[in-house]
Each structure stands twice: as C-alpha cells, then as structure tokens.
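Colleague: What follows is a predicted structure for the sequence shown.
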Amino acid sequence: MNQSGEITQEALDSTQYSTASIRQYESVFGEDFVSPGGYEMAVELIGKMKLERGSRVLDVGCGLGGSAFVMAREFGLIVDGIDLSKNMLALAGKKLSGYQLAKCVKFEQGDCLEMDRSEYYDAIYSRDVFLHITDKSRLFSVLNSLLKPGGKLLFTDYCCGEKRWTDEFSEYVKDRDYFLHTFPEYVKLISRAGLTQVDHQDLTDRFIVILQTELSKISGLDLAEPIRLKLAQSWRGKLDRAGSGDHRWGLFTAIKAS
C-alpha cells in the first residue's frame, strides 16, 4: 500500500500477480485472459458497447491484453491498455508483438488515477480491476474526465452483499486487500462523478456457472499436482463465497453527459 491506501505495483507483482501466478490464472481463464469467462465473455461485453470501428477505447487494468486484442481484431477499435502490474505487461507486450497489432493496440504501465487525457476516449472498459482501488470517488471522476461527451463506460467488478459478512469472506477480502462495494453503493459512486444513465446487472448466477466450468477444467490442466489442487481449492472457495451471497459479481454501464 502507498500513503493514500492504494495498492502498489510492487505489492501486486510480488503476490497475486507474480509471473507464475499469472500463468496459472491464464491456464484456467484461457489464452490471453485473467478474468472470468475469458474470450467468450470479452466478446459479449465488448459487443454491448456498440462502438463504431475506429473508436478509441481505454482498457483499464488490461492484464495480458486479451480484451484489447479482441477489440482490435474483431471490432476494429483503437485501444490503449493501462495496467499497474509490470509482470502482466511484460507478458502482454510479447503477445502484442506476436499478434502484430501494434498499429491499433498500445500498452503502458501506470496508475489509471494519474491519467490526464481530457475527453480523449470514446469508451472505457475494465474487467474486475476496480476492487484494487480504495478511492472509488476519485476513480470515477478521473474516468469521467477521460471520456468524450457521450462516451461510454462499461466494467465488471467483484462486489459484495450487505454486511455482516461471514468470517471466511471477511478474511478473504482482507488477505487480498480488496475494496468492495454493494451494487447500490457502486451506482451512487458512479452517479456522483457526473456520469449519466448508470445501470447495473447482478451477474452472480452467471459467475457461479463460469466458476463451475473453470473448476471442471482445472483437473485436466497440464500442471504439477500441488498447483492443480491449490487452484481447485481457490475456485471452490469462490463458489462457496458466491453461494453465500457475500461475493457478488456486477456489470456496470454509464454514459458521459453530452
């Protein structure tokens, strides 16, 4: 954590996003992805933005670049990806070179809270990243400033049910340094930043189905048995937390006022 309470690059890269951990996540989520639903979910969500070809998109927490590559290849979009993790971007950069998409996809290492590109993007997209950010009010204010008038925001994120949480979920959130909100809290934060037409969907039931599919996949992965067992234990924990109602998964959309 830095002095403002935000997680640092060093903390991320030495724990949850070590290179070995990233490779393990990718083996479960699918090539180029480190978020639930992998490629199929990315295509579905990108399609929901209904952007014209050539639109410029900011992918916040771009990870291994999977969504950025899909946006460029299949939707004809111009994408800037930003991520705090140097480990993620080292791997994403190699993939970008191999895919020969450098004309329409660029990656940069940095903190999205420090971005200053007034009214530059037609859309902002993010997958399960904002859970790492403490100051959500500042986050949505910055994102609003980056969007062109009429620009679109779409993101998924881990959310939570109302407290009191189970002890297991409370310990999980503390251990991961997550900063979670309920759906209504998120809607208020987005609206207060000046964004309009704020909407949300509870995708927790979908999340559970995805987790079950991924858990079935883990047993067949070409990984050392201790790693497979650890991954399976992690996914069962996610299923238990989602089933209890503590761990929720949300999709949020909004528009910058014209």
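Modeller: Received the coordinates, thanks. Since this is a predicted model, take the numbers as computed values, not measurements.

Colleague: only C-alpha atoms for contact and neighbour calcs from this point on.
Modeller: Noted.

Colleague: how about the helices of the stretch 151-258 of the chain, start to end?
Modeller: 167-176, 183-192, 204-218, 225-244 (DSSP state H, counting those that start in this stretch).

Colleague: Dump these to JSON lines, plus mean pLDDT.
Modeller: JSON lines is the format used below for the helices of the stretch 151-258 of the chain (pLDDT from 0 to 100):
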{"stretch": "helix 167-176", "mean pLDDT": "93"}
{"stretch": "helix 183-192", "mean pLDDT": "98"}
{"stretch": "helix 204-218", "mean pLDDT": "96"}
{"stretch": "helix 225-244", "mean pLDDT": "94"}
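
Colleague: mind giving me TSV with these and columns for distance to residue 54 and mean neighbour count?
Modeller: What follows is those, written out as TSV (distance: least, Cα to Cα, whole Å; neighbours: other Cα atoms under 10 Å):
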stretch	distance to residue 54	mean neighbour count
helix 167-176	37	13
helix 183-192	26	17
helix 204-218	31	17
helix 225-244	38	16
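
Colleague: In CSV: those, plus distance to residue 117.
Modeller: Below are the helices of the stretch 151-258 of the chain laid out as CSV (distance: least, Cα to Cα, whole Å):
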stretch, distance to residue 117
helix 167-176, 31
helix 183-192, 19
helix 204-218, 34
helix 225-244, 37
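
Colleague: Residue 77: which of those is closest?
Modeller: Shortest separation from residue 77 across the helices of the stretch 151-258 of the chain is recorded for helix 183-192, at 24.8 Å, computed as Cα to Cα.

Colleague: With adjacent residues omitted, what lies nearest to residue 71?
Modeller: Ranked by Cα to Cα, 6 or more residues apart in numbering and with sequence neighbours excluded, the top spatial neighbour of residue 71 is residue 77, at 5.4 Å.

Colleague: do the same with residue 107
Modeller: Per Cα to Cα, 6+ apart, closest to residue 107 is residue 81, 4.6 Å.

Colleague: May I have the beta-bridge partners of the one you found?
Modeller: On the basis of DSSP bridges, residue 81 is bridged to residue 59, residue 107.

Colleague: pLDDT score for it?
Modeller: Residue 81 carries a pLDDT score of 98 in this model.

Colleague: wait, what's in contact with it?
Modeller: Contacts for residue 81 (Cα atoms under 8 Å, 6 or more residues apart in numbering) come out as 58-62, 65, 68, 105-108.

Colleague: ok, of the residues you listed, which come out buried?
Modeller: Among these, those classed as buried by 16 or more other Cα atoms under 10 Å are 58-62, 65, 68, 105-107.

Colleague: Most widely separated two among those residues?
Modeller: Maximum pairwise distance among the buried ones among the contacts of residue 81 (Cα to Cα): 14.0 Å, between 61 and 105.

Colleague: looking at it, residue 104 is touching residue 72, isn't it?
Modeller: Yes. Assessed by Cα atoms under 8 Å, residue 104 is found in contact with residue 72 at 6.3 Å.

Colleague: Now the common contact residues for these two.
Modeller: Residues touching both residue 104 and residue 72 (Cα under 8 Å, 6+ apart) are 78-79.
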